[in-house]
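Student: Quick one, fold the following:
(chains A and B)
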2 protein chains.
Amino acid sequence: MSVVAPSLPSAKVIHVDTRGAVILSEESPQTRDSRGIYLPNHIEPVSHIAVDVGGSLAKVVYFTRSPEPPSSPSIAATRGSSVSDISTPRSLSPAEDAALSAPSSSTPPNNNKNGALTPLVLEHPTPIGNGLSGLTDNLLRDSLLKHTSAHAVQNFPGGSLNFERFETDNIDTCVEFIQELIQRSAEVNGVSIEDMRKSVKIMATGGGAHKFYEMFRDTLHVQIQREDEMECLIEGLKFISLIPDEVYYFSDELIQSVSHPTSTSVASSSSNPTPLERPSPDPPKYGVTFESNPTPQLPCLLVNIGSGVSLIKVDEDGGFERVSGTSLGGGTLWGLLSLLTPATTFDEMLELSERGDNSTVDMLVGDIYGQDYSKLGLKSTMIASTFGKVFKKGGEKGKFSAEDISKSLLYAVSNNIGQIAYMNAEKYNLDRIYFGGCFIRGHAATIATLSYAIRFWSKGTKRALFLRHEGFLGSIGAWIRNIDSESTN
Amino acid sequence: MSVVAPSLPSAKVIHVDTRGAVILSEESPQTRDSRGIYLPNHIEPVSHIAVDVGGSLAKVVYFTRSPEPPSSPSIAATRGSSVSDISTPRSLSPAEDAALSAPSSSTPPNNNKNGALTPLVLEHPTPIGNGLSGLTDNLLRDSLLKHTSAHAVQNFPGGSLNFERFETDNIDTCVEFIQELIQRSAEVNGVSIEDMRKSVKIMATGGGAHKFYEMFRDTLHVQIQREDEMECLIEGLKFISLIPDEVYYFSDELIQSVSHPTSTSVASSSSNPTPLERPSPDPPKYGVTFESNPTPQLPCLLVNIGSGVSLIKVDEDGGFERVSGTSLGGGTLWGLLSLLTPATTFDEMLELSERGDNSTVDMLVGDIYGQDYSKLGLKSTMIASTFGKVFKKGGEKGKFSAEDISKSLLYAVSNNIGQIAYMNAEKYNLDRIYFGGCFIRGHAATIATLSYAIRFWSKGTKRALFLRHEGFLGSIGAWIRNIDSESTN
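Tutor: Numbers count the residues shown, from 1 in each chain, chains lettered A, B, ... in the order given. A predicted model of the protein is given here:
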């Protein structure tokens, strides 16, 4: 947390006008989670760039003005059939399916990433910057926000929130990107680079905000403000869950079969309800439901899956605590699969896993029992031991296919996170569990496994919720936060 | 559970006389967990052999008579310094250290494994077997037990409980071993193989009791009785925890520093108590304490770590329920390390891990933050992501040492089990957590990691307890159970 905090917490946060917000269509499946969000009514008082530097990835968020959405609007928004009643699951449309799956098609890129920041000097001929105190700046900003409609005509209301991802190991590329963005913005707006730099603030979070602080400051020559990672995650969650069609979840037939035992899909009598199936790498098919009329959904548990995993309990009033974590996260899966398969990117690993059969490497209940262990309700197809067949088969690498290995380990890591998430949600009596972080990547098998684990362990009482911009919670939160630089750092 | 159960559950269990029981010294470090237990006062009314066939290992238990302990008595018993006050930790003696560690020395084998079963015909000229009902058999047995002292002179009271391990993939070796034991017993006792076979009963449990049932029956020509795996585990725990010096635990300085903040080892003031350190692959050194005066310690959580992991809640009255499990168990570690290291046995893998430095493969908090994340109490040395550096470093197999990989993954699997165990112990309000199963193998790093995870997460309120015969709970339980064959199968 910043050392000196303003007295009114609400003053710290940009009041983003999310009315009419739409998620833009993706440029390519690889950027599925980094589609722009068009905010037709938002005016940004200060040009700032948010960056969240994690262990593996650096995520950048910034706002560029444009009076119209820069490309085709959201598939969700154009569809016009958003589902508001969460009890009515809707099947995934082919377009959504493609959007949520690993790369399977390519769409032409649009140009919305080439927008420019608007330097503050253009909005206010008054020299803002060195001379003004934080309070004055805040007052000016509040005044701007109060007069949005009048101001809008003058200042081109609306624009896009843009998202970019870089590997932390190539942090230079990230810095160069920001440098070019600032330069281009100066040129487009016809101001000097010095004036532009004075107008730009970098809101930095994640571990890299500390590790790379000097490097960012000395290379970019702009003000760098560091923000606490967990606070940004929560701020980002609170904001992003207000965007229509951002939040989605997989709803399954199992829940229905438990809550509606007369359904034809249930074979057993109501006096002997079918138990929930054990989680499995081949879960039943789910429909996807998007939240078209989102409301802030607190309290909740936020499970952020990056290289490692943080579990954060969020109270109804937005207060939060990191209550648990596990080191078995995305970094574990990527690391293991980079040694055990020829895949060199995580998307390749996900693709491999889709074609795999985990039963060649995993020891199933049936492998041990030759049948179900019915007394305990353990089906013969349940995994008793992840990778449990490998040692028995001699542990020779060539014997096992990259596809099968990928499927087994993706499932194991996802299911383990789901299990730990459930236990914490139960402990703190939280029914909504949001999964964020760059591990998920909209990958259907990952989402299904996490959803299924939550459904299974909670006996259908808790729900796993997902976010289209799952990996950008921290950077969105840092973008939202706009504590005056004079009082901190 | 057997289809037809006797009306009195207590009649199902052999009343083993554990007075004066001692654990025999190990033959070699590899058989550390399979030392015999000498029971000077026990007489076995029926010769039976218990076998617990799991996914990876088959465990055999049987009793052989001898009026004297067959080799040097237990190091614990001869030492005469057993600790009964659990609040007084005692340091590991070199002998115990060797016993609890991976192979480091070799001692000459003794011959206590060559004993013979005593066929029932020698004890009772009355033809017991085909003709008698279960009830009569039970009455005879009870009568025998009531007259132990008189009977003892006649029937050589005392003998050893013997333990053997086989790989499930080589189940034939296990069957041959039992076959030879029966044959040798017939020869030693001068009875026909047919009479011997009539006197022998195989108590089989674990998944393999079902999978290999026909094979056992048709090869051995003896009665095979199947017992439920979980029931046997609990029965085994209840019995083995009565053996002096069987149960042990690691007690650490951390607990002391929390409960005795004036201790010199604590630098901080009492008003600002030092928080428990995060679990780490290099935990503080522990002293080992053995329970010399054991009492049945229920209720408890039993965490059985074999190829997979079962978590069983045991009530005060011995009732139990499998409340959770994870597929990330011994089979996972063995499988991964057999692909990622040159090791071909689990003991080799443990040895590798002792020389490893996990920080070359794991992403630590300091790698991300460049410092502690002190606001959350996350030290820079804490593991943020298991294997989190591997993908970043290009994922080339040759870059990472087998030692470092082994250390990282052993810690990750152990710590994950400890975390899930803690959460279940907390949920069911259980303070004692027994860890059993062949994964542990008395390996100091494994035990320390599990202990440390429980201490850390429970803030010192819960204790991890270990067992010298950790892998034999199921087979010991099957040996204890002796339901009459006529009424079941």
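Student: For chain B, see how far away residue A:173 is.
Tutor: To chain B, residue A:173 is 14 Å away according to Cβ to the nearest Cβ, to the nearest Å. From N, CA and C alone the C-beta is placed, and that goes for glycine too.
Student: Around that residue, count how many other residues there are.
Tutor: When neighbours are defined as other Cβ atoms under 10 Å in any protein chain shown, residue A:173 has 13 of them.
Student: same for the helix or strand containing it, what does it pack against?
Tutor: Using DSSP states H and E, residue A:173 falls within helix A:171-189. Using 3 or more Cβ pairs under 8 Å, 6 or more residues apart in numbering or on different chains; DSSP states H and E as the contact test, the elements touching helix A:171-189 are strand A:47-53, strand A:57-65, strand A:159-167, helix A:193-199, strand A:200-205, helix A:213-220.
Student: hmm, who's touching that helix?
Tutor: A:47, A:49, A:51, A:53, A:58, A:60, A:62, A:114, A:116-119, A:122, A:164, A:166-167, A:192-193, A:195-197, A:200, A:202, A:208, A:212, A:215-216, A:219-220, A:222 (Cβ atoms under 8 Å, 6 or more residues apart in numbering or on different chains).
Student: PyMOL command to pick out the buried ones of the residues you listed?
Tutor: Buried residues within those, by 16 or more other Cβ atoms under 10 Å in any protein chain shown, are selected in PyMOL with:
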select buried, chain A and resi 47+49+51+53+58+60+62+116+117+118+119+164+166+195+196+197+200+202+208+212+216+220+222
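Student: The contacts of helix A:171-189: which ones sit near chain B?
Tutor: When Cβ under 8 Å from any Cβ of the partner chain is applied, the members of the contacts of helix A:171-189 adjacent to chain B are A:167, A:208.
Student: related to what we said a few turns ago, state the mean pLDDT of the helix holding residue A:173.
Tutor: In this model, helix A:171-189 has a mean pLDDT of 92.
Student: Likewise for stretch A:315-326?
Tutor: Stretch A:315-326 comes out with an average pLDDT of 92.
Student: cool, and stretch A:383-393?
Tutor: Stretch A:383-393 comes out at a mean pLDDT of 90.
Student: and it, anywhere near chain B?
Tutor: Yes. Under the criterion of Cβ under 8 Å from any Cβ, chain B is reached by stretch A:383-393 at A:383, A:384, A:385, A:386, A:387, A:388, A:389, A:390, A:391, A:392.
Student: Need the phi and psi values for residue A:20.
Tutor: Per-residue torsions, residue A:20: phi 80, psi 10 (degrees, to the nearest 10).
Student: Give me the distance between it and residue A:329.
Tutor: Separation of residue A:20 from residue A:329 (Cβ to Cβ, to the nearest Å): 36 Å.
Student: Pick out whichever of the two has more residues nearby.
Tutor: Between residue A:20 and residue A:329, counted using other Cβ under 10 Å, the more crowded position is residue A:329 (31 against 13).
Student: which residues does the more buried one contact?
Tutor: So residue A:329 contacts A:305, A:306, A:307, A:308, A:309, A:413, A:417, A:437, A:439, B:385, B:386, B:388 (Cβ under 8 Å, 6+ apart).
Student: Neighbour-wise, give me the winner out of the residues of stretch A:383-393 next to chain B.
Tutor: Neighbour counts for the residues of stretch A:383-393 next to chain B peak at residue A:385, which has 34 neighbours (criterion: other Cβ under 10 Å).
Student: Test my guess that that residue contacts residue B:308.
Tutor: Yes. Under the criterion of Cβ atoms under 8 Å, residue A:385 makes contact with residue B:308 at 4.0 Å.
Student: quick one: common contacting residues for those two?
Tutor: Joint contacts of residue A:385 and residue B:308 (Cβ under 8 Å, 6+ apart) are A:363, B:55, B:327, B:329, B:330, B:331.
Student: Reformat the residues of stretch A:383-393 next to chain B as a markdown table; add secondary structure and distance to residue A:298.
Tutor: A markdown table is the format used below for the residues of stretch A:383-393 next to chain B (DSSP: H, G, I helix; E, B strand; the rest coil; distance: Cβ to Cβ, whole Å):
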| residue | secondary structure | distance to residue A:298 |
| --- | --- | --- |
| A:383 | strand | 34 |
| A:384 | strand | 38 |
| A:385 | strand | 38 |
| A:386 | coil | 34 |
| A:387 | coil | 39 |
| A:388 | coil | 40 |
| A:389 | coil | 44 |
| A:390 | coil | 43 |
| A:391 | coil | 45 |
| A:392 | coil | 48 |
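Student: Would you mind putting these into TSV with distance to residue A:400 alongside?
Tutor: Listed next are those as TSV, based on distance: Cβ to Cβ, whole Å:
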residue	distance to residue A:400
A:383	15
A:384	18
A:385	15
A:386	13
A:387	9
A:388	12
A:389	9
A:390	6
A:391	11
A:392	12
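Student: Can you list which of the contacts of residue A:329 are found in helices?
Tutor: Judged by DSSP state H, helices contain the following of the contacts of residue A:329: A:413, A:417.
Student: for the contacts of residue A:329, which one is nearest residue B:245?
Tutor: residue B:386 (35.2 Å; Cβ to Cβ).
Student: Low-confidence ranges, chain A, go.
Tutor: Low-confidence segments of chain A (pLDDT under 70): A:1-15, A:26-33, A:44-46, A:69-114, A:119-156, A:251-288, A:293-296, A:395, A:397, A:482-489.
Student: give me that answer again for 50
Tutor: In the predicted model of chain A, residues A:1-13, A:72-114, A:123-154, A:254-273, A:483-489 satisfy pLDDT under 50.
Student: which residues in the stretch 251-400 of chain A form strands?
Tutor: All strands of the stretch 251-400 of chain A, identified by DSSP state E, counting those that start in this stretch, fall at A:286-290, A:300-305, A:309-314, A:320-326, A:363-364, A:383-385.
Student: Save the ones you listed as a markdown table, and put in distance to residue B:234 too.
Tutor: Shown next, in a markdown table, are the strands of the stretch 251-400 of chain A (distance: least, Cβ to Cβ, whole Å):
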| stretch | distance to residue B:234 |
| --- | --- |
| strand A:286-290 | 38 |
| strand A:300-305 | 33 |
| strand A:309-314 | 32 |
| strand A:320-326 | 29 |
| strand A:363-364 | 23 |
| strand A:383-385 | 19 |
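Student: Deepest in the core, which of these is it.
Tutor: strand A:383-385 (a mean of 30; mean count of other Cβ atoms under 10 Å in any protein chain shown).
Student: residues in contact with that strand?
Tutor: A:280-281, A:358, A:362-365, A:367-368, A:378, A:411-412, B:55-56, B:306-308, B:327, B:329-332, B:335.
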